[in-house]
Every structure is written in C-alpha cells, then in structure tokens.
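Sharing a model prediction with you, sequence too.
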Amino acid sequence: RRLLLQSASALLVERTASAQAECARLLEYEGAELHTSNHYYMDIVQQLRRDILAEKHPDAKAVWSERPFLQHLNFEALKKQSNREQELVDLQIKTFAYWKT
C-alpha cells in the first residue's frame, strides 16, 4: 500500500508540473499579438474596420469581394455576431493587414 501511495504521489507531482507548464505555454500564446513596426499596419486595420462597419459604403461590393475572408459576411450579419465571432473577424483583419505590410 505504501508503494502504491508513493507511486501515485510521484505521478501526481509529475502530471501537475506538466499541466502547469502547458497552461503557462497556452497563456503565453493567448497573450501574444501580431507585432510589426510598420506604420501602415494600423492604418490598414483601421481602414478595413471603417469599410466593413460602414452601413452604406459607396462601393460595398468591392470592400467584400477584395477580401476573400469577408465574403461570407454582410453588413447586417456582422453586426449581429457574438463577441467571440467578432473577435475572429478582427483577427482576420489583423492577419490580413500584417500580411499586406
């Protein structure tokens, strides 16, 4: 019985350390942001946001068709999305801007 408890305790300590390391890695990844020192990056992000959220953009079809990651959306659908869904669109915008710069 003592050997079983020692083995279980050692395994628990090992697995706890492994789980803590994995949690730390995930938190580090979650907090990471795309980074660039290119001054056009935020200009592109802000312009895309303005274009996307504009209800009556003068050339709405061009805004959507030039950005394949947005083709499944329309203005009304975007406004009805949950916060989580909007975060995904925002991530796509940032990734597009990062790629473009």
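Received it, and whenever you're ready, just let me know what you need. Numbers count the residues shown, from 1 in each chain.

What is the helix or strand hosting T95 packed up against?
When elements are assigned from DSSP states H and E, T95 belongs to helix 83-100. Counting contacts by 3 or more Cβ pairs under 8 Å, 6 or more residues apart in numbering; DSSP states H and E, helix 83-100 is packed against helix 40-53. No exception for glycine: its C-beta is placed from N, CA and C like everyone else's.

quick check: angle from the helix holding T95 to helix 40-53?
Helix 83-100 runs at 130 degrees relative to helix 40-53, counting by axes from the mean of the first three to the mean of the last three Cα atoms, to 10 degrees.

Alpha carbons of helix 83-100, as CSV, please.
Output of helix 83-100 as CSV, limited to C-alpha atoms (Å, rounded to 0.1, in the frame of the first residue of the first chain):
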residue,chain,number,x,y,z
ASN,A,83,-18.4,39.0,-29.4
ARG,A,84,-16.5,35.7,-30.0
GLU,A,85,-17.4,35.7,-33.7
GLN,A,86,-16.5,39.4,-34.0
GLU,A,87,-13.1,38.6,-32.4
LEU,A,88,-12.5,36.1,-35.2
VAL,A,89,-13.3,38.7,-37.9
ASP,A,90,-11.0,41.1,-36.1
LEU,A,91,-8.2,38.5,-36.0
GLN,A,92,-8.7,38.0,-39.8
ILE,A,93,-8.4,41.8,-40.3
LYS,A,94,-5.2,42.0,-38.3
THR,A,95,-3.7,39.0,-40.1
PHE,A,96,-4.6,40.5,-43.5
ALA,A,97,-3.1,43.8,-42.5
TYR,A,98,0.0,42.1,-41.2
TRP,A,99,0.4,40.1,-44.4
LYS,A,100,-0.1,43.2,-46.5
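
Which positions in that helix come out as buried?
By 16 or more other Cβ atoms under 10 Å, the buried positions in helix 83-100 come out as 89, 92-94, 96-98.

Find the residue at the geometric middle of the protein.
With distances taken as Cα atoms, centre = their mean, the residue of the chain nearest its centroid is L91 (4.3 Å).

residues in contact with Q86?
The contact partners of Q86, taken as Cβ atoms under 8 Å, 6 or more residues apart in numbering, are L78.
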